[in-house]
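Participant: coords below, sequence missing:
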């Protein structure tokens, strides 16, 4: 009976070791990631010219990772150490797993995810033993290990569970309570690493486990940073970024490596109104992509943005009249390491009594497209438009809605394309929710006279002035440059931002819409502009199921009345990438 039990136990241990070996197989050294397939293929070729076992895989984030392997875990760590020391791979390279990899793109046509590990290309080097620790012996007795374990804080105990979970040995609650599940996972970890499976980690074993767990943090040089001026202390990845400047309300940390990671500390006096204003301003910045969850609640906010090759997270809270927080900007395609860095920053964050001087950085460069030294997100294209009905339907030029991921009015109201005429160059945009325009276009039923005075209302400088302007001119021809119907020629000097603006006659009725200057190999005189006629605009509106409002004959209106109508009707349309 004893022999049978021993045999079963032996087979169980062999099976368990095989399971752990299978978990450890397929470990890779990730050296970099690129946002485009072409760039990734070029970089993979560069690495393959100098190193063996180079492969490339698409990541779930859409980026393309260049990895070396697959190796057994110990072999991968040896490769990582040697190649880093030789300068053949970046210093921030790290261990990654098969579960993070998608379709293989390099080498072309290869598929090695299920082919098992390969022999490492570097000579094995003896590990530096921990003093008093051998592969088969413990540096402490179980009783001594338990005694040192009792000195751990709750957070340190939870960190050990997190490390065991990351290594694949623990799958239960992270609560800091070392019950049977935790003890079993500790024993499994010890057995897998060649130690006596006591179920209680010694001081040196805990260090080895945490060093492995913290490898992503070590790769970016996480260090404690204390800023007495901002009143914030926290851990930051100072191996890949460094302090750059104060520019209230931010402390700027800029990238020092090709990882291109950045951070901001937030520190200012304020109240809930200030907090809300900061929340809105941050979302207008180029470093905060549009896609991602955001929440403003009471005295705190969090926001996240993903896109354009970066992932940005920010948080801040109001306490005792002070608003403090931080933001982290990290490249896409490195989510596992970003998550560890962010968690370390959040766990280590503490606020002290000081607050950043509001005048800090006051002598920095000032531009209307910068907020405290940060670039405001700008649309790819901005053009004029005008309200065509009482629910807020907008007429504008087709280029204002061409290949846009998002179309908005100046007040951030989103629009959708309801109809368009590519030949005429006109688009009809419908708001996501009904608007209440101050005034709506009244289309003239009469054909305007040659040489009659007209005025176009538009955002000549694409919103820089904050309001539309009126530009005056004359009708030079009732047909287009090639004699086409539906278009008329104006003697009027317009700016690019005026395109899409309504054209008024002296009665204040809309007789057309300004079109962009043609660019098909022709350069027109500055005083020549083209416009879609009122009839052609009504035809495009009809495609969207909208009837334009007809004007009634009136006497000539005053310039002030014309300006009032134009301002209430003309809108700025933004096209965003």
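Facilitator: Thanks, I have the structure now. Quantities reported herein were computed from a predicted structural model and do not represent experimental measurements.

Participant: what number of residues lie near residue 336?
Facilitator: 16 (other C-beta atoms under 10 Å). Heads up, the C-betas are built off the backbone N, CA and C, glycines and all.

Participant: my read: it touches residue 100, true?
Facilitator: Yes. Counting by C-beta atoms under 8 Å, residue 336 touches residue 100, with 6.6 Å between them.

Participant: which residues of the stretch 351-500 of the chain fall in strands?
Facilitator: Counting by DSSP state E, counting those that start in this stretch, the stretch 351-500 of the chain has strands at residues 370-371, 374-375, 381-387, 394-397, 406-409, 414-421, 426-431, 442-443, 453-458, 469-477, 487-491.

Participant: would JSON lines of those strands with distance to residue 190 and mean pLDDT be doable?
Facilitator: Shown next, in JSON lines, are the strands of the stretch 351-500 of the chain (distance: least, C-beta to C-beta, whole Å; pLDDT from 0 to 100):
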{"stretch": "strand 370-371", "distance to residue 190": "53", "mean pLDDT": "62"}
{"stretch": "strand 374-375", "distance to residue 190": "49", "mean pLDDT": "80"}
{"stretch": "strand 381-387", "distance to residue 190": "62", "mean pLDDT": "93"}
{"stretch": "strand 394-397", "distance to residue 190": "68", "mean pLDDT": "96"}
{"stretch": "strand 406-409", "distance to residue 190": "54", "mean pLDDT": "90"}
{"stretch": "strand 414-421", "distance to residue 190": "57", "mean pLDDT": "92"}
{"stretch": "strand 426-431", "distance to residue 190": "64", "mean pLDDT": "94"}
{"stretch": "strand 442-443", "distance to residue 190": "83", "mean pLDDT": "92"}
{"stretch": "strand 453-458", "distance to residue 190": "74", "mean pLDDT": "92"}
{"stretch": "strand 469-477", "distance to residue 190": "76", "mean pLDDT": "89"}
{"stretch": "strand 487-491", "distance to residue 190": "82", "mean pLDDT": "83"}
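
Participant: I'd like these laid out as a markdown table, including mean neighbour count and distance to residue 253.
Facilitator: Formatted as a markdown table, these follow (neighbours: other C-beta atoms under 10 Å; distance: least, C-beta to C-beta, whole Å):
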| stretch | mean neighbour count | distance to residue 253 |
| --- | --- | --- |
| strand 370-371 | 15 | 17 |
| strand 374-375 | 17 | 13 |
| strand 381-387 | 27 | 32 |
| strand 394-397 | 28 | 41 |
| strand 406-409 | 19 | 30 |
| strand 414-421 | 18 | 34 |
| strand 426-431 | 24 | 40 |
| strand 442-443 | 20 | 56 |
| strand 453-458 | 24 | 42 |
| strand 469-477 | 18 | 42 |
| strand 487-491 | 21 | 53 |
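
Participant: List the contacts of residue 534.
Facilitator: 443, 444, 445, 510, 511, 512, 548 (C-beta atoms under 8 Å, 6 or more residues apart in numbering).

Participant: Quick check: bridge partners of the residue nearest to it when sequence neighbours are not counted?
Facilitator: Nearest residue to residue 534, sequence neighbours excluded (C-beta to C-beta, 6 or more residues apart in numbering): residue 443, at 4.5 Å. Applying DSSP bridges to residue 443 gives these bridge partners: residue 510, residue 550.

Participant: Residue 443 is in contact with residue 510, isn't it?
Facilitator: Yes. If you go by C-beta under 8 Å, residue 443 and residue 510 touch, sitting 5.2 Å apart.

Participant: hey, what's in contact with both of those two?
Facilitator: Common contacts of residue 443 and residue 510 (C-beta under 8 Å, 6+ apart): 534, 537, 551.

Participant: From those residues, which one has the minimum pLDDT?
Facilitator: Ranked by pLDDT, the shared contacts of residue 443 and residue 510 bottom out at residue 551 (81).

Participant: That residue and residue 505, how far apart?
Facilitator: To residue 505, residue 551 is 9 Å away according to C-beta to C-beta, to the nearest Å.

Participant: what does residue 417 give?
Facilitator: Distance from residue 417 to residue 505, by C-beta to C-beta: 29 Å.

Participant: Who are the contact partners of the residue sitting nearest the centre point of the chain?
Facilitator: The residue lying closest to the centre of the chain (C-alpha atoms, centre = their mean) is residue 306, at 2.7 Å. For residue 306, the contact set (C-beta under 8 Å, 6+ apart) comprises 289, 291, 292, 312, 332.

Participant: wait, doesn't the fourth one sit right on residue 293?
Facilitator: No. Here residue 312 lies out of contact with residue 293, judged by C-beta under 8 Å, at a distance of 11.9 Å.

Participant: which residues are common contacts for the two?
Facilitator: Joint contacts of residue 312 and residue 293 (C-beta under 8 Å, 6+ apart) are 303, 304.

Participant: Show me which of these two is the more surrounded one.
Facilitator: Here residue 312 and residue 293 are compared on neighbour count by other C-beta under 10 Å; more neighbours surround residue 312, at 22 against 10.

Participant: Need the per-residue pLDDT for the more buried one.
Facilitator: With respect to pLDDT, residue 312 has a value of 97.

Participant: Phi and psi next, for it.
Facilitator: phi -120, psi 130 (degrees, to the nearest 10).

Participant: Quick check: beta-bridge partners of it?
Facilitator: Bridge pairing for residue 312 - DSSP bridges - gives residue 305, residue 329.

Participant: Quick check: it vs residue 506, distance?
Facilitator: 52 Å.

Participant: again with residue 212
Facilitator: 80 Å.

Participant: Out of the contacts of residue 306, which is nearest to residue 152?
Facilitator: residue 312 (34.5 Å; C-beta to C-beta).

Participant: can you pull the contacts of that closest one?
Facilitator: 287, 288, 289, 292, 303, 304, 305, 306, 327, 328, 329, 330.

Participant: Now list the buried members of these.
Facilitator: 287, 288, 289, 303, 304, 305, 306, 327, 328, 329, 330 (16 or more other C-beta atoms under 10 Å).

Participant: what ranges of the stretch 451-577 of the chain fall below the confidence cut-off?
Facilitator: Along the stretch 451-577 of the chain, segments meeting pLDDT under 70 span 463-465, 480-483, 486, 519-524.

Participant: again, only using 50
Facilitator: Counting by pLDDT under 50, not a single residue of the stretch 451-577 of the chain qualifies.

Participant: can you check the chain too?
Facilitator: If you take pLDDT under 50 as the line, the chain has these spans: 1-24, 126-137.

Participant: Using the record's domain definitions, break it down for me.
Facilitator: 142-213, 220-375, 381-576 (automatic domain parsing).

Participant: Which of the ones you listed sits closest to residue 96?
Facilitator: domain 220-375 (6.9 Å).

Participant: Pull up the distance across that closest one, start to finish.
Facilitator: 26 Å (C-alpha to C-alpha, to the nearest Å).

Participant: what's residue 113 in contact with, if anything?
Facilitator: So residue 113 contacts 26, 98, 101, 104 (C-beta under 8 Å, 6+ apart).

Participant: Out of the residues you listed, give me the two with the largest separation.
Facilitator: 26 and 104 (12.8 Å).

Participant: Which of those two has more residues huddled nearby?
Facilitator: Counted by other C-beta under 10 Å, residue 26 and residue 104 do not tie: residue 26 has more neighbours, with 23 against 17.

Participant: Residue 43 versus that one, what's the distance?
Facilitator: With C-beta to C-beta as the criterion, residue 26 and residue 43 are 22 Å apart.

Participant: ditto for residue 148
Facilitator: 46 Å.

Participant: The two - which one has more neighbours?
Facilitator: Using other C-beta under 10 Å as the criterion, residue 148 and residue 43 rank with residue 43 on top: 19 against 14.
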